[in-house]
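In: Got a predicted structure here, sequence first:
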Amino acid sequence: MRTTVRLPDEVLEEAKQYALERDTSLTQIFEEALREHLARHRGSTSEHRVVELPTFGGRGPLPGVDLHDSAALTDVMDGGGAPAPHDARS
């Protein structure tokens with residue numbers, strides 16, 4: 001499965017160097033790190049807390065914003081404006 005992850009440049013560079021030194025892929029480094037993190041926290045409910053997110057009485061996403069398209073959503077959030085609405089019939 002593919003996904004997009006935003007990382008600070010220095011973290012990505014450190015991970016690339018780590019992978020290079022171990023003759024492995026960046027994907028393998030991320031997978032191992034995530035598996036280790038999940039294993040440490042599996043079953044630990046003491047660290048979970050309820051977070052209430054604010055709402056602002058809007059009417060949902062802007063026209064043409066597809067919440068399943070992370071790249072387009074990021075563009076909108078970064079100030080690129082709403083994408084042109086697409087015709088649902090196409």
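Out: Okay, I see it.
In: and the spatially closest residue to Leu7 that is not a sequence neighbour, what is it in contact with?
Out: Once flanking residues are discounted, Leu7 sits nearest to Ala15: 7.7 Å by C-beta to C-beta, 6 or more residues apart in numbering. (C-beta placed from N, C-alpha, C; glycine too.) By C-beta atoms under 8 Å, 6 or more residues apart in numbering, the residues touching Ala15 are 7, 26, 29-30.
In: Over to Ala15. Which of the three states is it?
Out: helix (DSSP: H, G, I helix; E, B strand; the rest coil).
In: Give the buried residues for whichever helix in the chain runs longest.
Out: Longest helix of the chain, by residue count under DSSP state H: helix 26-41. Buried residues in helix 26-41, counted by 16 or more other C-beta atoms under 10 Å: Ile29.
In: And the contacts of it?
Out: Counting by C-beta under 8 Å, 6+ apart, 5, 15-16, 18-19, 22, 47 sit against helix 26-41.
In: Buried residues of whichever strand or helix holds Ala19, list them for me.
Out: Assigned by DSSP states H and E, Ala19 belongs to helix 9-21. Using 16+ other C-beta under 10 Å as the test for burial, helix 9-21 gives Ala19.
In: Among the contacts of Ala15, which pair sits farthest apart?
Out: Spatially, the most separated pair among the contacts of Ala15 is Leu7 and Ile29, at 11.9 Å (C-beta to C-beta).
In: how about low-confidence regions in this structure?
Out: 43-48, 81-90 (pLDDT under 70).
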